[in-house]
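A.B. asks: Got a predicted model here, sequence first, then my questions.
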Amino acid sequence: MEPPIVNLKSEIVNPFTFSQASLQDYSDCPRRFQLRYIEGLAWPAVETEPALENERHQQEGLFFHRLVQQRLIGLPVEKLGLMANSPNLSQWWQNFVDFRCLENFRSLYPEMTLSAPLGEQRVMAKYDLIAATPGEKAVIFDWKTYHKRPKDVWMAARLQTRVYRALLVRAGAHLNNGQPIQPEQVEMIYWYACYPQEPSRFPYTATQYKRDWDILTRLVAEIISRREFSLTSDEKKCAYCPYRSYCNRGLKAGAGGEMESEISMINVNIEQIQEIEF
Ligand code: SF4
């Protein structure tokens with residue numbers, strides 16, 4: 001029997017703005033979506049062990065994103081490099097500086113936010129970078145600081161990959177001289193700071209775009225109409241979930257080194273990134 005949770009609001013704000021993170025949470029576990037986005041509960045348990053080491057890795061990931069963003073808006077590479085002052089940051093930063101793929105684009109849009117209606121709701125995405133040459137191509141770059149490089153097949157199935165590409169087609173015309181971006185002009189690249197020569201690349205087609213938008217539309221309609229949010233039957237997901245204590249799914253966190261399949265739980269949230277002070 002599922003454990004009772006008292007004082008739930010249990011009503012989703014309508015209209016609701018969905019993100020890849022909230023949709024992924026729902027796909028992984030409807031109860032997690034409920035606790036995080038409907039009830040707004042704080043995270044009561046650590047996600048992974050050892051906790052301190054993983055927290056440090058997350059903080060370094062956040063800071064790396066900020067360094068890259070600052071570089072992309074024109075701050076000098078030497079000055080930023082002085083701040084990459086841990087072994088991880090130093091290595092990631094050097095790998096980024098050596099990364100030459102951005103020179104062929106006419107415009108770079110770091111930390112770009114796009115949103116569009118999805119039925120009666122909205123869907124929103126915050127991109128690490130959209131690199132565009134109007135009339136030719138629009139490439140989404142997403143920086144990942146994972147210890148382990150995930151398999152491409154796993155990344156392809158992530159809702160981030162679906163949402164980011166579909167939303168760029170849907171809402172990116174202003175990045176393309178006012179003309180709609182065609183799916184075939186879009187590509188998504190996950191660039192791994194620890195594996196700079198092994199990015200995951202996902203081109204796009206009109207068929208994939210239609211499939212993705214249909215999936216998102218159905219998923220959002222399902223969430224909005226739902227009155228009960230069940231616990232996942234895949235208890236492996238609980239080992240890395242901060243809501244374990246609400247669900248009687250154990251107290252001990254999973255080990256970070258074992259968590260490839262749950263790697264999204266330590267995704268960098270761009271909103272958490274603080275400004276760098278010089
Ligand atoms: S502990 Fe498990 S059942 Fe509970 S919210 Fe997390 S993933 Fe879902």
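C.D. replies: Good, I have the coordinates. All values reported here derive from a predicted model rather than from experimental measurement.

A.B. asks: Report the distance from the strand or helix carrying residue 66 to the chain centre.
C.D. replies: For residue 66, the enclosing helix or strand under DSSP states H and E is helix 51-72. When distances are taken as C-alpha atoms, centre = their mean, to the nearest Å, helix 51-72 is centred 14 Å away from the chain's centroid.

A.B. asks: helices or strands up against the helix or strand following that helix?
C.D. replies: Tracing the chain past helix 51-72, the next element assigned as helix or strand by DSSP H and E is helix 77-81. Secondary structure elements in contact with helix 77-81, counted by 3 or more C-beta pairs under 8 Å, 6 or more residues apart in numbering; DSSP states H and E, are helix 51-72, helix 87-97. No exception for glycine: its C-beta is placed from N, CA and C like everyone else's.

A.B. asks: Output the contacting helices and strands for the first one.
C.D. replies: To tie it back to what came earlier, the one meant is helix 51-72. Counting contacts by 3+ C-beta pairs under 8 Å, 6+ apart, helix 51-72 packs against helix 77-81, helix 87-97, strand 107-118, strand 121-133, strand 137-144.

A.B. asks: next one: the shortest one
C.D. replies: Using 3+ C-beta pairs under 8 Å, 6+ apart as the contact criterion, the secondary-structure elements in contact with helix 87-97 are helix 51-72, helix 77-81.

A.B. asks: Of these, give the one that comes closest to the ligand.
C.D. replies: Ranking the helices and strands packed on helix 87-97 by proximity to the ligand (C-beta to the nearest ligand atom) places helix 51-72 first, at 16.6 Å.

A.B. asks: Quick check: buried residues in the closest one?
C.D. replies: 54, 57-58, 60-72 (16 or more other C-beta atoms under 10 Å).

A.B. asks: One more: stretch 158-175?
C.D. replies: Buried positions in stretch 158-175, judged by neighbour count with 16+ other C-beta under 10 Å: 158-172, 175.
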